[in-house]
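1. A predicted structure for the sequence below; I have some questions about it.
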Amino acid sequence: MSVTVTQAYRFALDPTPAQERDLASHAGAARVAFNWALARVRAVLGQRAAERSYGIAEELLTPPLSWTLPALRREWNAAKDEVAPWWRANSKESYSSGLDACARGLKNWSDARKGQRAGRPVGFPRFRSKRRTTPSVRFTTGTIRVEGDRHHVTLPRLGPLKLHESARKLARRLDNGTARILSATVRREAGRWFVSFTCQVQRRQRRPRQPDAVVGVDVGVRHLAVLSTGELVDNPRHLGTASRRLRRLAKAASRKVGPDRRTGQRPSNRWERARRALAAAHRRVADLRRDGLHKLTTRLAGEYGTVVIEDLNVAGMVRNRRLAKAISDCGFGALRRQLDYKTSWGGGRLAVADRWYPSSKTCSGCGAVKAKLPLRIRTFTCQRCGMVADRDFNAARNLAQLVVAGSGPETKNGRGADRKTHSSGPVAAKRQPRTASAGKTGTVPPQGGTVDQELTHAH
Ligand SMILES: [Zn+2]
């Protein structure tokens, strides 16, 4: 059996200097089209608002401008000789990509205003400045392919571009017909160009090695994660060194003369250089972290039938500056996203504990809940049953037990756990109470007042 999924393949590029200029020109063209469309829409909106304020009848107002992609494209094609007489220098896809981004931004803003969009409010799109925008351009039509040598990709107008690494994984799928490229996006991040292919991929439906096993995962700060099996997953190697380097470079950059809007101060060359080094260091830390998370989530999804994590309000926590570093460093959001799709590809499921479930403050031995457990206290000590365990391990064990809580009569309502748990992901149907046999509890230890000293970890 196979499932069709949308998957991205991303590769670093090694363009020649001429190609780099071409890439920058295409990304610039996308930006120009974006800004042009936004200015048009703003002008018409402003004009109509002004006319209305003079009491002009609704039917006599300047006609509204549609901001769908086809409408913006028609407008652009009529105006491009005037606005961008050099338009022939770039693929038409570059303009289309800018107009598309503008259309989407406007749609998100208007949907949010009408209350048709979930999530935080979306502001009116802003103009894209040359300095501050990440150069990017998306190709959806024309020649987009991976070359036979697997070390080059061909994009419309840009021709063959050398890849920094082999694209064999994608090429193999393209060759045997299990993948189809939908679009290619080229971006420059921290001074380096990347191409990302969005593909429709046919994946074989797999089964986890232990389909009945449940694992709770607590993402920590000292460790990448702590599992309910007692395993500590270390942070990626070299992450500490990379983070220290990042801090040092940030400090160095702050001592140089940067740009200042109020005084019109232009940044110094030294500042520019320091900024580039800092961006590269950021990139390295992010790469190491992403790599570690991918390895962990692949392993978890391949091994366990059910993976249980906490539902953390990441957006809310990142706004709290003191927690922000630790949280965004560990990539909770990325962990959840990766587990979500990897468990569904792997035939397992992801269960997400309720946001208010006190996984750290609950004793995984007897279920007693503490009123308080400050973050700095790394060991959980139960006053009721005397269990002593590493804080994160205790939390992970609680998470694992949430899912099996519905499986036996004596544990069912222990902490109201089954009411507070919900599952996510396409395969993640919630297991009904009583439908799971006792044998399905897998790796989760039985509940009770046992003091489990062997599983204790000291730091
Ligand atoms: Zn206890």
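-> Structure received.

2. so how far is V403 from Y357?
-> According to Cβ to Cβ, to the nearest Å, Y357 stands 12 Å off from V403. (Each C-beta comes from the backbone N, C-alpha and C, glycine too.)

3. Neighbour count: these two, which is higher?
-> Of the pair Y357 and V403, V403 is the one with more neighbours under other Cβ atoms under 10 Å, namely 29 against 21.

4. Could you look up the SS state of that one?
-> helix (DSSP: H, G, I helix; E, B strand; the rest coil).

5. Verify the stated contact: it with G305.
-> No. V403 lies out of contact with G305 (Cβ atoms under 8 Å); the separation is 9.8 Å.

6. what's the overlap in contacts for the two?
-> V214 (Cβ atoms under 8 Å, 6 or more residues apart in numbering).

7. Tell me the buried residues in stretch 224-235?
-> Neighbour-count burial for stretch 224-235 flags L224, A225, V226, L227, S228, T229, G230, L232, V233, N235 (criterion: 16 or more other Cβ atoms under 10 Å).

8. Could you list the alpha-carbon positions for that stretch in PDB?
-> Taking Å, rounded to 0.1, in the frame of the first residue of the first chain, the C-alpha atoms of stretch 224-235 are listed here in PDB:
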ATOM      1  CA  LEU A 224      17.600  17.200  23.000                       C
ATOM      2  CA  ALA A 225      14.900  14.900  24.500                       C
ATOM      3  CA  VAL A 226      14.200  12.500  27.300                       C
ATOM      4  CA  LEU A 227      12.200   9.400  26.500                       C
ATOM      5  CA  SER A 228       9.900   7.500  28.800                       C
ATOM      6  CA  THR A 229      12.000   4.500  28.200                       C
ATOM      7  CA  GLY A 230      14.700   6.200  30.200                       C
ATOM      8  CA  GLU A 231      16.800   7.100  27.200                       C
ATOM      9  CA  LEU A 232      18.500  10.500  27.200                       C
ATOM     10  CA  VAL A 233      18.900  11.800  23.600                       C
ATOM     11  CA  ASP A 234      21.900  14.100  23.600                       C
ATOM     12  CA  ASN A 235      22.000  17.400  21.800                       C
END
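
9. which residues in the stretch 151-300 of the chain form helices?
-> Taking DSSP state H, counting those that start in this stretch as the test, the helices found in the stretch 151-300 of the chain are 168-175, 239-254, 269-303.

10. quick one: which of these is nearest L161?
-> Closest to L161 of the helices of the stretch 151-300 of the chain is helix 168-175 (Cβ to Cβ; 14.5 Å).

11. what helices or strands is the closest one leaning on?
-> strand 145-146, strand 179-189, strand 192-204 (3 or more Cβ pairs under 8 Å, 6 or more residues apart in numbering; DSSP states H and E).

12. hmm, 10 Å instead?
-> On a contact count with 3 or more Cβ pairs under 10 Å, 6 or more residues apart in numbering; DSSP states H and E, helix 168-175 meets strand 2-12, strand 145-146, strand 179-189, strand 192-204.

13. tell me the mean pLDDT over the first one?
-> So the one you mean is strand 2-12. For strand 2-12, mean pLDDT is 90.

14. pLDDT weak spots in the stretch 351-459 of the chain?
-> Scanning the stretch 351-459 of the chain for pLDDT under 70 picks out the ranges 404-459.

15. do the stretch 101-250 of the chain as well
-> By pLDDT under 70, the weakly predicted segments of the stretch 101-250 of the chain are 220-221.

16. Could you check which residue of it lies nearest the ion?
-> Across the stretch 101-250 of the chain, the shortest distance to the ion (Cβ to the ion) belongs to S228, at 15.9 Å.

17. pretty sure that residue is touching L399, no?
-> Yes. With contact taken as Cβ atoms under 10 Å, S228 and L399 are classed as touching, separated by 6.5 Å.

18. Which residues of this structure lie near the ion?
-> C363, G365, C366, A368, C382, R384, C385, M387 (Cβ under 5 Å from the ion).

19. The fifth one: how many residues sit nearby?
-> This means C382. Neighbour count of C382, defined by other Cβ under 10 Å: 20.

20. How about the first one?
-> The burial metric for C363, expressed as a neighbour count using other Cβ under 10 Å, is 22.

21. Now it: closest residue in space, sequence neighbours ignored.
-> In this structure, C363 finds its nearest non-sequential neighbour in C382, 4.1 Å apart by Cβ to Cβ, 6 or more residues apart in numbering.

22. Check the fourth one too.
-> By the measure of Cβ to Cβ, 6+ apart, the closest residue to A368 outside its immediate chain neighbours is R384, 4.1 Å from it.

23. for that neighbour, helix, strand, or coil?
-> On the three-state scheme (three-state DSSP), R384 is labelled coil.
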